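**Student:** compute the structure for the input listed below.
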Amino acid sequence: SAPGPGRDKMAERLPAECLVNALLRTDPYLEQYKGELQRRYNNLKSLVKHIDANEGNLDKFSRGYESFGIHQQANGSIYCKEWAPGAKAVSLVGEFNDWNVFSHPYHRLAYGKWELYIAPEADGSSPVSHESKLKVVIEDQSGQRLYRISPWAHYVTCNESSPTYDWVHWDPPQRYVRRYPHPPRPRSLRIYEAHIGIASPEGKVATYKNFTNNMLRRIKNLGYNCIQLMAIMEHAYYASFGYQVTSFFAASSRFGTPDDLRELVDTAHSLGLVVLLDVVHSHASSNTADGLNHFDGTDSCFFHSPPRGTHSLWDSRLFNYSSWEVLRFLLSNLRWWVEEYYFDGFRFDGVTSMLYHHHGISTGFSGDYTEYFGLHVDEESLAYLCLSNHMLHSFYPDFISIAEDVSGMPTLCRPVMEGGIGFDYRLAMAIPDKWIQMLKELKDEDWNMGNIVHTLTNRRYSEKTIAYAESHDQALVGDKTLAFWLMDAEMYTNMSTLSPLTPVIDRGLQLHKMIRLITHTLGGEGYLNFIGNEFGHPEWLDFPRVGNNESYHYARRQFNLLDNKLLRYDLLNTFDKDMNNLEQTYGWLAAPPAYVSEKHEDNKVIAFERARVLFIFNFHHEKSFPDYRVGVDLPGKYKIVLDSDTELYGGHGRLNHDTEFFTESQEQNNRNNSLLLHHVDLEQFQRRAHALELVQFGTLHRCKHWLKVYIPSRTAIVLARDDPRS
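**Tutor:** The predicted structure is shown next:
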């Protein structure tokens, strides 16, 4: 994209003073940290001013990939540039010069930069051919020669005979031509998180082509409007899940070519799907032969020197965000993935590690504001995050940025002009942990409704959150998917529709749907699902490694289980699709937070309204309620629009969807109206062998209006007004 209006001097677009008062009106408790917030904003503005003054503007500064690395010029010549401040000498070797370390030396420039011009061949062709192998040779201060991959390499590959990656010059005669524009930014974000390599039932590394041909339409049909791709930035160790990046500008070659990835993103855009990239700028692999570590022969080129530059738990290197050239490298890396691969947004990994000098290690966060301000905050990396978000949202107005932060840092998702860090969303990381903790430690009858509601609603007002019921980490070896925690070994024997529905499978199916629906509707302003979990994928994830004899058996998603209609996985998949499509209709993710009118501990009932829709959950393991009064704000006629108990989703079909529910003007749970959810077929109700107990309603507040509903056990019901004007 060419520079647009306002890209000339970015500092001029920032207000003279931090608009912190807007933030304080939202959260008055930040008043005592007003000076700190203003200082953070001033640091950002000062940094942008320095970039404008020394580099022309932020647009030019963040396009380092146009000069660094290796580039073919219009006349066929080659221009190379590297930053290696600790090097004594630098040269380029490869198949083009028979690996001669003396024939193509770089010329030293100021500030640790080196450049090299290579004349074209006599016929005007490039001296370095497409797909030929290269290395940068660094002579360190001791005279030792180090063979390195350029940090700006666009394509690196690995063959089976060597674990070390090779730098391959990528300059095809015909490049992929983009056909479709970025889709509009969705109001409600429904994210399908995916890993390219496991997106197939086959026991091998799946490809970009496979994802384009077999996954995109599947995701679209499920009602998701956004794909989040992990493990794209090249990583030498496959089992790192993509979080030990070795080549930041290279799309992982184990899945295919750079153009294959471009085609994937472009095709997703043709379907109206926005695509996010999982960006890892919190750390880098400690590899030296094919990573950034010790690139120039020193331990402090791109990183802080140890111990500050080493992450003790991840065994990886930590960037020096105060370094001018590191800023150029990282900001350019963000621009590269947008400009070259058309990504619509980023999910920033490891933000907690970046925000604090302690990296979150052995640190608990209670929510006390002293935990977020002070000398333990890494102001350099915080300034980098502010600058990144400022740049991305200025250059790409519809851009989406998501932070993976477990600490709860205030202002993380507020505009930088207010003293915030500028993200659009944060991940609600406590939610999946809560579900797993409950399944591991509590009997169903001991589930605490208030604690569930608290976990799902405990988020900062006016800072948007992405909710998810289970994370990709929980699927890794040593843990299990949500479905496997619920149904365990019976998933191997009792998921056939031809076999009787056992109590274990019945419980698992019903709770799997309820957990996902209440997370979707109550937990945030966006929703995320990890590939395969939508249909209750069994078992766990385990990438090939020495410990499992390099097996791919668990490094795949078994879509064959879903496509077999004689198995019950299709029932969960259908529910997931209808849940997403219903959100598309009513838009609760884009609506204000829900009003929770009931969280009844004895009845195990939760009821709330959001986006003018009423949600009722009966988590009781055995009690059904034939006439349950529920408060509601808007009067009128209501009908069932989603019912987890329908047989289409593996339920028992205990609700009559033709039933109409009319509100009555009686206060109930602090709502003006209420409904009585009643069961109209008592004989059928008895046949289902569910309790007929009428229990005390245990309302929370006096209400004016109500309705009554029949709520079967382990069932979620969604009701909407049957009014075309609603």
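**Student:** report pLDDT for residue 673.
**Tutor:** At residue 673 the predicted local confidence, pLDDT, stands at 68.
**Student:** then residue 634?
**Tutor:** 89.
**Student:** list the beta-bridge partners for the one residue sitting closest to the centre of the chain.
**Tutor:** Geometric centre of the chain, nearest residue: residue 347, 4.9 Å, by C-alpha atoms, centre = their mean. Beta-bridge partners for residue 347, by DSSP bridges, are residue 278, residue 402.
**Student:** tell me the predicted confidence for it.
**Tutor:** Looking at residue 347, its pLDDT reads 98.
**Student:** would you confirm that it contacts residue 227?
**Tutor:** No - look at residue 347 against residue 227 with C-beta atoms under 8 Å: they stay out of range, at 11.1 Å. Every C-beta, even on glycine, is put in place using the N, C-alpha and C of the backbone.
**Student:** so which elements touch the helix or strand harbouring residue 433?
**Tutor:** Here residue 433, judged by DSSP states H and E, is contained in helix 430-441. Here helix 430-441 touches helix 449-457, helix 482-487, helix 503-522, going by 3 or more C-beta pairs under 8 Å, 6 or more residues apart in numbering; DSSP states H and E.
**Student:** now with 6 Å, please.
**Tutor:** If you count contacts as 3 or more C-beta pairs under 6 Å, 6 or more residues apart in numbering; DSSP states H and E, helix 430-441 packs onto no helix or strand.
**Student:** and it, which residues are buried?
**Tutor:** Buried residues in helix 430-441, counted by 16 or more other C-beta atoms under 10 Å: 430-436, 438-439.
**Student:** and the angle for it with helix 503-522?
**Tutor:** Computed with axes from the mean of the first three to the mean of the last three C-alpha atoms, to 10 degrees, the direction of helix 430-441 lies at 160 degrees from that of helix 503-522.
**Student:** can I get helix 430-441 as PDB, trimmed to CA atoms?
**Tutor:** The C-alpha atoms that make up helix 430-441 are tabulated as PDB, following Å, rounded to 0.1, in the frame of the first residue of the first chain:
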ATOM      1  CA  ALA A 430      -9.000 -16.800  33.100                       C
ATOM      2  CA  ILE A 431     -12.100 -18.300  31.400                       C
ATOM      3  CA  PRO A 432     -10.600 -21.500  29.900                       C
ATOM      4  CA  ASP A 433      -8.600 -22.100  33.100                       C
ATOM      5  CA  LYS A 434     -11.800 -21.800  35.200                       C
ATOM      6  CA  TRP A 435     -13.600 -24.500  33.100                       C
ATOM      7  CA  ILE A 436     -10.700 -26.900  33.300                       C
ATOM      8  CA  GLN A 437     -10.300 -26.300  37.000                       C
ATOM      9  CA  MET A 438     -14.000 -27.000  37.600                       C
ATOM     10  CA  LEU A 439     -14.000 -30.200  35.500                       C
ATOM     11  CA  LYS A 440     -10.900 -31.500  37.200                       C
ATOM     12  CA  GLU A 441     -11.800 -30.600  40.800                       C
END
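**Student:** which residue is the nearest non-sequential neighbour of residue 498?
**Tutor:** residue 566 (6.2 Å; C-beta to C-beta, 6 or more residues apart in numbering).
**Student:** same thing with residue 224?
**Tutor:** Looking at residue 224 with C-beta to C-beta, 6+ apart, the closest residue is residue 192, at 4.1 Å.
**Student:** for residue 568, same thing?
**Tutor:** residue 495 (4.8 Å).
**Student:** over to residue 499?
**Tutor:** residue 493 (7.8 Å).
**Student:** and that neighbour, how many neighbours?
**Tutor:** Applying other C-beta atoms under 10 Å, we find 10 other residues in the vicinity of residue 493.
**Student:** same thing with residue 658?
**Tutor:** Count around residue 658 with other C-beta under 10 Å applied: 8.
**Student:** per-residue confidence for it?
**Tutor:** So, for residue 658, pLDDT stands at 93.
**Student:** next one: it from residue 720, what distance?
**Tutor:** 15 Å (C-beta to C-beta, to the nearest Å).
**Student:** over to residue 500?
**Tutor:** Computed with C-beta to C-beta, the distance linking residue 500 and residue 720 is 35 Å.
**Student:** who has more neighbours, these two?
**Tutor:** Taking neighbours as other C-beta under 10 Å, residue 500 and residue 720 compare with residue 720 leading, 19 against 8.
**Student:** phi, psi of the more buried one?
**Tutor:** The phi/psi pair for residue 720 (degrees, to the nearest 10) reads phi -130, psi 150.
**Student:** my guess is it meets residue 641, correct?
**Tutor:** Yes - taking C-beta atoms under 6 Å as the definition, residue 720 is a contact partner of residue 641 at 4.7 Å.
**Student:** any low-confidence regions in the stretch 1-150 of the chain?
**Tutor:** 1-7 (pLDDT under 70).
**Student:** now do the helices in it.
**Tutor:** Counting by DSSP state H, counting those that start in this stretch, the stretch 1-150 of the chain has helices at residues 20-26, 34-55, 58-61.
**Student:** dump the ones you listed to TSV, plus distance to residue 93 and mean neighbour count.
**Tutor:** Output for the helices of the stretch 1-150 of the chain, formatted as TSV (distance: least, C-beta to C-beta, whole Å; neighbours: other C-beta atoms under 10 Å):
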stretch	distance to residue 93	mean neighbour count
helix 20-26	54	16
helix 34-55	31	17
helix 58-61	30	22
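**Student:** got the ones you listed as CSV, with distance to residue 646 columns?
**Tutor:** Shown next, in CSV, are the helices of the stretch 1-150 of the chain (distance: least, C-beta to C-beta, whole Å):
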stretch, distance to residue 646
helix 20-26, 41
helix 34-55, 50
helix 58-61, 54
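**Student:** closest to residue 637 out of those helices?
**Tutor:** helix 20-26 (37.3 Å; C-beta to C-beta).
**Student:** for the closest one, the distance to its chain's centre please.
**Tutor:** 28 Å (C-alpha atoms, centre = their mean, to the nearest Å).
**Student:** and stretch 74-82, by the same measure?
**Tutor:** Going by C-alpha atoms, centre = their mean, where stretch 74-82 is centred and where its chain is centred differ by 37 Å.
**Student:** can you list the buried residues in it?
**Tutor:** Within stretch 74-82, the residues that count as buried by 16+ other C-beta under 10 Å are 76-78, 80-82.
**Student:** excluding residues flanking it in the chain, which one is nearest residue 657?
**Tutor:** Per C-beta to C-beta, 6+ apart, closest to residue 657 is residue 640, 5.1 Å.
**Student:** just say helix, strand or coil for that neighbour.
**Tutor:** Look at residue 640: counting by DSSP: H, G, I helix; E, B strand; the rest coil, its state is strand.
**Student:** just give the number of residues close to it.
**Tutor:** For residue 640, the count of nearby residues is 20 (other C-beta under 10 Å).
**Student:** from the chain's centroid, how far away is the helix or strand the residue nearest to residue 224 falls within?
**Tutor:** Using DSSP H and E, residue 192 sits in strand 189-195. From the chain centre to the centre of strand 189-195 is a distance of 7 Å (C-alpha atoms, centre = their mean).
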